[in-house]
Each structure stands twice: as structure tokens, then as C-alpha cells.
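J.: Provided below for reference: sequence and predicted model.
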2 protein chains.
Amino acid sequence: MADLKYLFNPRHVAVVGASHKEGKIGHTVLKNIVESGYKGKIYPINPKGGEILGIKVHESVSSIDGEIDLALIVVPASIAVSAVEECAKKGVKFAVVITSGFSEIGNIEAEKEMVEKARANGMRILGPNVFGIYSASAPINATFGPSKICPGNIAVISQSGALGIAMIGKTAEENMGLSTIVSIGNKADITEADIMSYVFNDDITKVIFLYIEGLENGREFMELVKKKPENMQIVAIKAGRSKVGARAVASHTGSLAGSDKIFDAAFKQAGILRAESLEDGFNWVATLAACPKPAGKNVVIITNGGGIGVLAADACEKYGVTLTSDMELLKKTFENVMPKFGSYKNPVDLTGQAGGAEYREALERALNEDNIHAIIALYCQTDMTPLEPLMDTFIEMQEKYGSKKPIIYSLFGGEGTEEILEKLKSKGIPAFGDVEDAVSSLKALYTAYEKRKEEKMDEVEMDEEKIRKVISSVLEDGRKQLLGTEAKEIMAAAGIDVPPFRVVKSIGEAVEVAEEIGYPVVMKVVSEDIIHKTDVGGVLIDIDDKKEVIEGYEAIMRNCRQNVPKANIRGIEIAKMVPHGVETIVGATTDSSFGKVLMFGLGGIYVEVLKDVAFRVAPVSKREIGKMIREISSYPLLLGVRGEKRKDIDSIIDSIYRIGILVNRFPEISELDINPLMVYEKGAKALDARINIEVKK
Amino acid sequence: MADLKYLFNPRHVAVVGASHKEGKIGHTVLKNIVESGYKGKIYPINPKGGEILGIKVHESVSSIDGEIDLALIVVPASIAVSAVEECAKKGVKFAVVITSGFSEIGNIEAEKEMVEKARANGMRILGPNVFGIYSASAPINATFGPSKICPGNIAVISQSGALGIAMIGKTAEENMGLSTIVSIGNKADITEADIMSYVFNDDITKVIFLYIEGLENGREFMELVKKKPENMQIVAIKAGRSKVGARAVASHTGSLAGSDKIFDAAFKQAGILRAESLEDGFNWVATLAACPKPAGKNVVIITNGGGIGVLAADACEKYGVTLTSDMELLKKTFENVMPKFGSYKNPVDLTGQAGGAEYREALERALNEDNIHAIIALYCQTDMTPLEPLMDTFIEMQEKYGSKKPIIYSLFGGEGTEEILEKLKSKGIPAFGDVEDAVSSLKALYTAYEKRKEEKMDEVEMDEEKIRKVISSVLEDGRKQLLGTEAKEIMAAAGIDVPPFRVVKSIGEAVEVAEEIGYPVVMKVVSEDIIHKTDVGGVLIDIDDKKEVIEGYEAIMRNCRQNVPKANIRGIEIAKMVPHGVETIVGATTDSSFGKVLMFGLGGIYVEVLKDVAFRVAPVSKREIGKMIREISSYPLLLGVRGEKRKDIDSIIDSIYRIGILVNRFPEISELDINPLMVYEKGAKALDARINIEVKK
């Protein structure tokens, strides 16, 4: 990881390509640096010399006497590489290459060369193809975006320069306080991971707002996120959810979009809040930046209108925000605050007569009540009460209690109401026009602070030697897909419960094995050339005695030779036949961004038709696997329905856990399916498995 | 239905309780009337006399000489009834009773008396407990809300006065043009149905924005909505979605909340767009008010930023908006509009360099291309192009093409961008800050104009006499729940396929019937006292011959007498045993607001665990039943999975259709379940049914 101290806190900066002409990027960057109150020395570089904004222009970087920590490169692409080289040779620590026209349009070589030149002299590069950098700690606004950026505790990191610029504008408009805003551009050198690592420890940032189009190494990203301080939160927008969107991202930045479901799972696992829209993202970030961790789940809605209170209650149910219905608590707290026709039930209805004083009374009581943990304060314009005292109350409450308890406002109405909204926002108070936005933001706050216990990874015993041996023999055989029996051998070696089975090559052996295993047994042809074994008469179930074994052996051989004459028949598998339970599927696959990924679902149509599955990036703790299992809609089937007993969910967890460990220890396992993992009241058995291996060169 | 002409177009008005004191409701209402440019005579009424706002105050309504169409009642509740009576006696046509303190706080008698006094003299009442009325056609703003209301084509009808006031403010703030805004208040007399009927034919309104907390007669409401002009659209917010919300609504207005799922179904069926949040509602209404019906489904996104384009594409997939991927069309339309590193793929990326001219070129090409049916135009602030020409382009495009093709804008950025947004909105152009809002609004437009074919109701033959006879005999018997055999008799009489069955009372008869029906048969005890027949040994399946019938008869009798000694055993049902197909459940229930409601789902866990069911209000056309069936997530199971053939969906439709007709012809059927309706490749059979009857006194 690069130490980015001087990127965010440069002592002296150069603007290479500073322009005399207003409106030019090379001018705007310089102007923004000046206007942001930057305290270090500023060196505009332009061969024409002269002065820009009253600052002496130097003809070249090399001609400068002093030390330079940061150079902003705004020259045309054709001379950017040499400009970077000159900076590197001069000993500049960081170059932010604003210039575009590199890998994003296929000009990969020049970009590579630029990085090599920089690295050769120990210089690091942000970009190319970025809008610059803003850092509140310097302070410095070295972007070509708007000049007015409010300092604060939100770090905005964008993979898209274009969207980043608009985001600066939007945050400024919303009076959102930023600790930094950067775009990663083509990430020729410094990546979002480098930036995030720095931000994790910058002592200003409370919330990171990420805009992501793709992740080349999702796994590293997740590992990185684990290092964030506990009370720092990350909200991410991941574009390319849809198939069309994914295609557009691919053509846009050339980064890998990855499967969206996996991004969802990975973000959840890493504790990153994923917002679907920019609006949600902004709302959540503002709320997380302003509010403390709620001390419990009891939420109270305080309103002056029944209608808007009901809409908020609806939204609470939708988002899973808990409205306390403890009538004693509510009565004790709010009785006599409102007129007789009001209500201290939750939503607490102060009635349309409520003004600043009534809101203050109700809010203070709620804020001082330990068993109320968060407040949604609603105001619906009435024209019955003056707005000024209301606004003053809200601001006063925030100043007095805002750091102790979350209060989120939603104000609905016209003139006057909108102004209060603006005013509250400018004070950093989470306030929204729509109740849904308020509730969704409170939900985000709760989700962000969900307890993330130490994710202990239990040790598991595995017969690794055995597994290695199976894989080697398959590879030697020139195959990529394991036989079902080989896959089951691996499952068993990984400690997963597999009903006893053996491969036999003669009738005599078949009888012997069947008697040893104990009836009833299942018989299956073993051949890599026969995929649909049942269709060709290669499977027999419910074999009850010696006679049936003998007849079965002959029948299977006859059927297979007849139907697939060229098949290489390796023998017949004799396996213990087990009773029916709940069929589940456990799978693992290899994602281009996140690597090994686990899947769980109920067997048959639940997976095939209803697509009722959950994902996690492997390896994953048992606790998280429990969450994964509970995520599917058909989960109640495991709890027992129609008089059935609860199934052994711990056994499923253990099996998935082992698969997670297995695929990470043996990365050559590219695909794996246990189908079905039959689950009982006690235990779970892998009846059939499929494994594909792929050896990376 | 009341003729509300003079409520919306009063020739002369009185304000009963007009106040000299600024800020008082009785003053504000008068002031708003004056300021809204009302052309008729205005009579302020106040016993104190004098002048208010330069208008002569009359001491009483009766002392006025001229005719009065509309009286606004703003006196205290204690004298409101007599004020209303005076108006009625004077011959006033409508009284809008703003005064509150009636049924909403339990004061039901006074409200009733008020209506009686009014009705006795042919006067109609809006309210009590309303904010007044605004009507653009008069024009008159007789509300105590904001004075500035923009005239336009949107009618806002609110069940909540408080929210209504805030909505006036909000619409004014957003420059939304209203044809009218009214709240219904306690609907002592005039209901939302009366208001809607008027608005349907007012020649101004294009979109109705409804805020509903409950409907006393949902069925009448749906019938009413059928009468709306084809190109008029309705957007509704229904509060009380959640259990908590429903409770709050109930305590708030005393209206019935109804089951939310049924509201969803009923609105869908009636072609009403239901918005979940006020924000969505406002966005959709603005879009519907501005845009024409799209001529087809091909949507194109035009953007200057890849990132925001991808977010819009994601939203299109989420909302089911079709982005055209016809490369020939896209190439033909957009080739050469953008720089080389742009893209004419959809999203069409004009690149960050695009300004007013480039947008004009791209938009005009799209607007003139017949195979592009709607446009989402995105702008992401760049600081590379001036904003003014961009805004001019957008306004120009709207003026030139806005009535021919939907164009929806989303602009993302800070200062400047926000101003364009405001400006566009003030011109009635659908423009949003967030791409999700733009896409969700376009989706609403598509949904609103979905083809609603003539919903033909086929005639069906039913043996009504038979059905009546069964019901009568059950009632005579003093029962409310039908025996399974009685329920199946009704099913059969309704024309639903029921496997042959008969009730027998002796072994001889049992054998005779079994042989007649043909083996295999099922035998079941018939008794209203035995609910769980299987548990007590009252059911035998797979009866294959005479011997088994005899043994079975004896076994069932023995089991039942032993396990439920006091049961009234009416005999044993012998029914044809039919093969297994896909189990479905068809149900009907009686909703307090919508009356007879139909339900469909797949049998077993799909209904019980996954709650995968769809509702419709009965009776309903076969086309709509088809939609209902396709709505459930397990629908693919009916299309055939895992090599199975498609099931006979038409037979399900026919069965549901008949149930819909049945429960409406026999409203005493309060609950009905066919469980299962076994569906085959050809045909569907009702194997078991349950019917409850309830006779309304």
C-alpha cells in the first residue's frame, strides 16, 4: 500500500499545464487551489511563463527550486508522459494526471509507459483521466469542478470521473461536508483500495461514499474493508446491475462487471451498504454522517398529521424499522403533550395545532427517554403554526441531542417548508421531503451498525492428501470434470457426510459390497461418457437383496453397452440408499472478481424455477452462513411445515462451511455442486456431487 | 350522483365566519378567494359587520339579497349546524364545511343533523373538516392554504385534510398545475366518488391524484373508475399498507383500511396506478400530466456520461422499461452525432463534450424517428459545457415534440443543474434529479396506457336451482359450513369439473356406487363433526375392488365411531380417484370494502410458506384472470418444468371465472376454497372444496 499522506496533505504543489485562459481546465484547477485557501506554495507550469492569478508561472518543473509533493498534470495526452517523467525526475511525490486519452480509449501503451517512468523515480500516479483531488485536511481543492466544496466528514470516491464531477456539484448544492473527493480514473497506479486505506485512518472521515463500476479483485477489496474503523461506514453505488447496464459498463471503462447477485452478497458480507440509486446513496450518507449509532431498536414517529404518520408507519414496515408499541412507555413519555384528539400511540400525533413549542416538548421527552432509541420527526404543513419556531426547535434539538440519539426529519409542504428543509440540511441535519427517504435512511443507519461479531473461523479437519490425490489422478487422466464417485470421495475427505459407496467391477464384488454396506442400495453406472445415467438405464434404486444386485448389475451393463456403445464404463457404484429428507443444493463457483463464491438453495424447482438462492463469498464464517440460509424465501421449509419437525440446519451450515474451506484450499476446484444435500431432522447427507477442476497456468 | 357544477363553478359565494383578523382561517379563505381572481360576488358573513379586505360584511346569510351557489362555513363547531341550516333555508346550493369537531372526534350526531338540515332544503355538503376547495375553472381558491395555486390539468383529491393542505403547498412549490384540489373530510354527504364523477367530465383534468386512507365501498369505487375517460389517468396513494399503518388510519378517520393486498389487486384491476410514496406519486402525476401515450415500447437513453447512463439502464431493467437494442435503428439514428469515443449503443453516449447543440441534434433525430417511442434524456454536470443552451434545447424540444412523444429528463449535478431542473419543472416538463425517478415515472406512463381491452364477460351456464337448493338445506340444518360433498355439488352445478362421487349409507350401496363410478375410488366419511378425517381413519384411498370397498366401509365406520363417538355420520363418500397433477388452490373470500375477492396460488407450501398468491376482485374477466395466474412466482410450474408438459391453464381460468360468477350470484357464499384444483395437461378437477355461508340480515 502506498503512503498517501502527501497526496492528501501536499506541502507544495505544481500545476503542469496551468492556463492563462479562464474556462480552461488548466486555469480552473489553479483557481480552485487558490480559492480553497491552500497554504503551501503553488507553482503554475507553462512554457509561456508570465503570471496567472497573480502567481508567477514557471517554464518547467525542473526549473523550480523547492520541493514539490503534488503535481497536477493537465497538459494534452501527447506530452503527458514526458511531463510525468519530468516530475518524477524532479522528485515530485505524487502526480494527479487529469489528462485523458489513455487506456479508456485503447491507448494502453502510453499509460503503461507513464507509470513506469513514475515508478522508476518513486513517484505515484492518481489517474490518468481524473478530475483532480479535493482534500479537506490540506485544505486543497485541486479539481476542475466547482470551487465551493464544504469541508466535512464524508469521503467520496468515484470510479467515474464524469459522475464524480457532478457529485462535487451535488454535494456542494446539498451542503454536504466532504473530507475528500477523488476519482480513480484509469487506476494506472493508485487504486480505490489505496485511497480507502488512507481514508480509513485520516481522522476526519466518518462515511465513505463509493461509486463503483467494477472490481478487478473483489476479494482483496473485501479484505481491505475489514480494516475499516468500526464506526466508519461505507455506502456504495454499484452500477451495472442489469444485463444492459453491465454491458455498458464493460464498454465504458473496460472493468469487469461481475455478476450482480455476487456483488450484492459480497457487499452485505463486508458490511457495505449498497444503494440502488444516487438519491438513496446521498440520503443515507447524509444520515450516517450526522447520526450516532442507535442504542436499541425502539423507534418513535412524532407527527402533526395522521396521514403522513401512517405513510411513515407503512414505510417502517416495508423497510423493517421497529416502531415501538410499548403503550406504557408511550403513555409515560407523551401523555398530555398533545390535545385530546391527538394520540400518544406510535405514530405519536401532536395534531395540526402543534408548533415549535409542542414539538420541542415531545422531542425532548423522547430524546430524554432511554427506552426510545431513534426518532422520526414528521411535519406536514398546516398554515396553522408559524414555521420559524419549528425550525429553531429542530436545530436546537439537533445541537443538544443530535450526537446522542438519531433524529431524522421529514417535512412535507410548500413554500416555507422547503426553506426549513434547506436550512436543516445546511446544518448537517438529516431532513427529507419524503417520508420514505427518511425511513429508508434510518434503516440504513440500523443496517450499518448491525452487530458484526468477531467472525471466528473454526478449524476443520480435512484429508487433504486424499483430496490432492483424487484431483491429481483426474488431471493425469486429462479430464476436467470429476466422476460422481470421485466428487463424493472429495466430499467425504472434506468431512461431509456421504452415504457409504464403492465402485465395483464384477458381479461378485457387487454382491460383496452390497452385503457389506447393507440393503437397500442404489446402483449407478460409473462412466465419464454417460451424463444422463437414468435416461440410458444406468441407475437402479431400491435394491433389496443379493438377487436384485446380480440382476441389476447385468441390466445396467446391458443397458449402457446398448445405449452408449462407446462409453468407457469404469464399473458400477454401489451406494447405501438413504431415506428422503428435504433436498437442498450447495454449490461453489469461481467469480472473475470475487473468486470462490458459495451458493445455497432448496432443491428442485426452488432453485430452477423460483431462483430462490443465496450467495456468499468464500470462505465465510458459520454465523454468516446461517444468515445466508435464512435469506432464501423457502427457508421456512427447513423449520418444518405441515407438522414436520425442524431440519438440522447446523448440519447444512457445517457442510457449506467445509465447502467454503475446501474451495479455497483447492482453488483448482472451479465449480462444485452437491445436489442434493439431503437434510434430515438429524444430519445432512451429500447424495450426489459434481466437481469441475481448472488449473490456472 | 350529485351534480356538482356549482360547487366547482359557483356564481356567487358566501364566507360564513369571515374574520377581520389576519391569520384566522375565516380571513385567509376570504383573502384567497379575492386573490384568486374570483369573478362572482363575494359575501363575507360576520355578525360584527363592517368591512374585510374592502368588502362589505353581511350580518347573516339570510340578510343577503342575491342568490348564493356556495357557502364556505368557517364558524366554530358549536354553531356550524345552525349556520348550515340557515344557508340551506336561504337556498344556497353547496356548503363547504371547513369547521372541524364532528365525527372525527366522535361527534357523530351533530354531523348527522347538519346533513339532514342541508338535505331537507336540497343543499349538499362537502366536509365537515376540510380545507376548502380550489377550482381552476371558476377560478376560485376558497381554501385556507397557500394563495398561489397554478391552474393546470391535475385534480388532487385527498381523504386527509391535513395532507391536502401540505399538498397544495407542495404542488405550488413544484409549479404543478391543478384543475382542482379538494379534501373529502368526514364525507358526511359528498364523497370522493361524487368529486371524481364530476372531474371525469370537467374538460380540464388529465390526471387525478388521489390520497386514500380507506374505502367504505371499494366495489362501487371500481365501478366508478370504469367510467373515467380513456386518456384520463389516476394515481393513488393508499395509506395504511402496514399493520401499524392500518391501525393508525383506523383511529385517524374511522374508515376501513381493508386488506392491503386486496387494495393492490383492485387498483391494478381498475387501472389505477398505486404509488408507494408521495414522492413517486408527485413524479408520476407530473409525467402523466405532461406526456402523451407512447406509441410503442422502444425507449432510448441519451446521456453525456457513461456512469449515469448505466444507472439508468439498471433502473430500466428493474422497472421493466424496454431499452431498444436494435443496432441498425440506433446506428441509423445516432451515428456521427457524438465524438468517436462516444457510443450509439443504447444508452446513447454523447460524451462529456455534449452541449446544447449536440443534445438538440441527438434528441431531434430520436424524436423524428418513428421507431423510437420514448426518450430518457440524461445530463450529468461536466463543467465543460455551458448550461444555458442545454436548457434552451430541452425547452425547445418539449415545445416542438412534447405533445407527440414522451421525453423525460434527469439532470444530476450541483448549482446550475438544479436551476435548470426548476426551470424545466415550471414549464411542465417531467424532469428529475435522480435517474430512478425518471425511469419509474416512464414506467408509470407505460403502465397507465397499457391496453385495456373490452373486458368481455362470457355467459356461463350454471344450475342455479341446484345451488340454491343445497344452500337452503344447509341453512335449514342450522349450519354455516357446508359438508365437502355439498360444496362439491355446488362446484359441479357451477360447471366446474368434479370427479364423480356419491354419498352411500350402506355397504351394498357402496359397492354398487363404486362399481358404477369405476375403480380406483376414494372413500371418505361424511360428517360435519369430523374435521380432520384422515387423522381419525376416516379416509381410504386407492380402493381397487369390491372386497376393498366392503372392508373399507367397515373400517371407516369402526374408526370414526371409536375415535369420534358422538359424530353425526351421514354416510360415506365414494369418489373416483384421479391421477396426480399440479395442485392449485382457488379461493374466494368476502372483503369488507371490495366484497367478493378471488385468490389463486399453487397448492401446498407455495401458498402456506411462500405466500405466493394473487388476488382479484370478483367478478373478473378471463383476460384479467390470465394476468392473475401469471402474477405468481411459481407460475413457471404450470408451463411445465423438468421435461413436463404445459398444464391446461385455460381450465384454471375457466374454473376461477366460474367461481367469480358464482360468489357474486350467491353472495351468501362468504368463503370458498377449492383445494386442490388438480390441473392436468388437459383439464382441471376440483378434488375437494370448502364453502362457508353467511346470510346478511
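T.: Okay, I see it.

J.: distance of the closest residue in space to A:Ile541 that isn't next to it in sequence from B:Glu608?
T.: Closest residue to A:Ile541 apart from its sequence neighbours, by Cβ to Cβ, 6 or more residues apart in numbering or on different chains: A:Val522 at 5.0 Å. Where you see a C-beta, it was placed from the backbone N, CA and C, and this is true even at glycine. According to Cβ to Cβ, to the nearest Å, A:Val522 and B:Glu608 sit 32 Å apart.

J.: okay, those two: which has more neighbours?
T.: Using other Cβ atoms under 10 Å in any protein chain shown as the criterion, A:Val522 and B:Glu608 rank with A:Val522 on top: 20 against 15.

J.: which ones are touching the residue nearest the centre of chain A?
T.: Residue closest to the average C-alpha location in chain A (Cα atoms, centre = their mean): A:Phe267, at 1.9 Å. By Cβ atoms under 8 Å, 6 or more residues apart in numbering or on different chains, the contact set of A:Phe267 is A:Ala236, A:Lys238, A:Leu273, A:Arg274.

J.: and which of those residues is nearest to chain B?
T.: A:Lys238 (9.1 Å; Cβ to the nearest Cβ).

J.: ok, the closest one touching A:Phe263?
T.: Yes: contact criterion Cβ atoms under 8 Å: A:Lys238 and A:Phe263 qualify, at 5.3 Å.

J.: can you give me phi and psi for the nearest residue to A:Glu694 once chain neighbours are set aside?
T.: Using Cβ to Cβ, 6+ apart and skipping residues adjacent in sequence, the residue nearest A:Glu694 is A:Ser670, 4.0 Å away. Main-chain dihedrals, A:Ser670, degrees, to the nearest 10: phi -90, psi -30.

J.: ok, A:Ser670 - how many residues close by?
T.: Neighbours of A:Ser670 (other Cβ under 10 Å): 17.

J.: how about it, what does it touch?
T.: A:Thr589, A:Thr590, A:Asn692, A:Ile693, A:Glu694.

J.: Same list (those) but as TSV, adding pLDDT and distance to A:Val536.
T.: Listed next are the contacts of A:Ser670 as TSV, based on pLDDT from 0 to 100; distance: Cβ to Cβ, whole Å:
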residue	pLDDT	distance to A:Val536
A:Thr589	88	28
A:Thr590	87	31
A:Asn692	92	22
A:Ile693	93	25
A:Glu694	89	28
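
J.: can you give me the strands in the stretch 351-500 of chain A?
T.: A:374-380, A:407-412, A:431-432 (DSSP state E, counting those that start in this stretch).

J.: can I get these in TSV with distance to A:Glu388 and mean neighbour count?
T.: Listed next are the strands of the stretch 351-500 of chain A as TSV, based on distance: least, Cβ to Cβ, whole Å; neighbours: other Cβ atoms under 10 Å in any protein chain shown:
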stretch	distance to A:Glu388	mean neighbour count
strand A:374-380	13	26
strand A:407-412	14	26
strand A:431-432	16	26
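
J.: Output these as TSV; include the columns mean pLDDT and distance to A:Phe594.
T.: TSV is the format used below for the strands of the stretch 351-500 of chain A (pLDDT from 0 to 100; distance: least, Cβ to Cβ, whole Å):
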stretch	mean pLDDT	distance to A:Phe594
strand A:374-380	96	34
strand A:407-412	96	33
strand A:431-432	96	34
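
J.: quick one: which of these is nearest A:Ala14?
T.: Among those, the nearest to A:Ala14 by Cβ to Cβ is strand A:431-432 (41.9 Å).

J.: which residues make contact with the closest one from outside it?
T.: A:Asn283, A:Phe394, A:Ile408, A:Tyr409, A:Ser410, A:Leu411, A:Ile420, A:Leu421, A:Leu424, A:Lys425, A:Ala438, A:Ser441.

J.: Please convert the residues you listed to TSV, extending it with distance to A:Asn153.
T.: Shown next, in TSV, are those (distance: Cβ to Cβ, whole Å):
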residue	distance to A:Asn153
A:Asn283	16
A:Phe394	21
A:Ile408	17
A:Tyr409	19
A:Ser410	23
A:Leu411	24
A:Ile420	23
A:Leu421	21
A:Leu424	17
A:Lys425	15
A:Ala438	21
A:Ser441	16
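
J.: Could I get those residues in TSV, plus columns for distance to chain B?
T.: Formatted as TSV, those follow (distance: Cβ to the nearest Cβ, whole Å):
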residue	distance to chain B
A:Asn283	10
A:Phe394	17
A:Ile408	15
A:Tyr409	14
A:Ser410	10
A:Leu411	9
A:Ile420	12
A:Leu421	10
A:Leu424	16
A:Lys425	13
A:Ala438	10
A:Ser441	13
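
J.: Can you classify the residue located most distally from the centre of chain A as helix, strand or coil?
T.: Most distant from the centre of chain A: A:Lys547, at 57.9 Å, with distances by Cα atoms, centre = their mean. Under the three-state scheme (DSSP: H, G, I helix; E, B strand; the rest coil), A:Lys547 adopts helix.

J.: quick one: it from A:Tyr519, how far?
T.: A:Lys547 is 11 Å from A:Tyr519, where distance means Cβ to Cβ.

J.: cool, and A:Pro579?
T.: Counting by Cβ to Cβ, the gap from A:Pro579 to A:Tyr519 is 13 Å.

J.: how's chain A carved up into domains?
T.: A:292-448, A:500-576, A:582-693 (automatic domain parsing).

J.: what residues are shared contacts of A:Lys238 and A:Phe263?
T.: Contacts common to A:Lys238 and A:Phe263, judged by Cβ under 8 Å, 6+ apart, are A:Arg274.

J.: all strands of the stretch 201-350 of chain A, in order?
T.: Under DSSP E, counting those that start in this stretch, the stretch 201-350 of chain A gives strands at A:207-212, A:233-238, A:273-275, A:299-303, A:348-349.

J.: For those strands, could you give me TSV that also reports mean pLDDT?
T.: Formatted as TSV, the strands of the stretch 201-350 of chain A follow (pLDDT from 0 to 100):
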stretch	mean pLDDT
strand A:207-212	95
strand A:233-238	95
strand A:273-275	96
strand A:299-303	97
strand A:348-349	94
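
J.: Turn the ones you listed into CSV, columns for distance to B:Gly106 and mean neighbour count.
T.: Formatted as CSV, the strands of the stretch 201-350 of chain A follow (distance: least, Cβ to Cβ, whole Å; neighbours: other Cβ under 10 Å):
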stretch, distance to B:Gly106, mean neighbour count
strand A:207-212, 48, 25
strand A:233-238, 47, 25
strand A:273-275, 45, 21
strand A:299-303, 21, 28
strand A:348-349, 16, 27
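
J.: Output those in TSV, with distance to B:Thr385 appended to each entry.
T.: Shown next, in TSV, are these (distance: least, Cβ to Cβ, whole Å):
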stretch	distance to B:Thr385
strand A:207-212	22
strand A:233-238	24
strand A:273-275	28
strand A:299-303	44
strand A:348-349	50
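
J.: wait, isn't A:Ala438 in contact with A:Cys316?
T.: No: counting by Cβ under 8 Å, A:Ala438 sits too far from A:Cys316 to count as a contact (9.9 Å).

J.: Tell me the spacing between A:Asn129 and chain B.
T.: 11 Å (Cβ to the nearest Cβ, to the nearest Å).

J.: That residue: what's it in contact with?
T.: A:Val97, A:Ile98, A:Thr99, A:Ser100, A:Gly101, A:Phe102, A:Glu104, A:Gly161, A:Gly185, A:Asn186.

J.: Assign the fifth one to one of the three secondary structure states.
T.: To tie it back to what came earlier, the one meant is A:Gly101. Under three-state DSSP, A:Gly101 comes out as coil.

J.: got the contact list for it?
T.: A:Pro76, A:Ala77, A:Ala80, A:Asn107, A:Pro128, A:Asn129.

J.: other SSEs contacting the host helix or strand of the third one?
T.: By that I understand A:Ala80. In this assignment (DSSP states H and E), A:Ala80 forms part of helix A:77-90. Identification of packing neighbours for helix A:77-90 by 3 or more Cβ pairs under 8 Å, 6 or more residues apart in numbering or on different chains; DSSP states H and E yields strand A:12-16, strand A:70-73, strand A:94-97, helix A:108-120.
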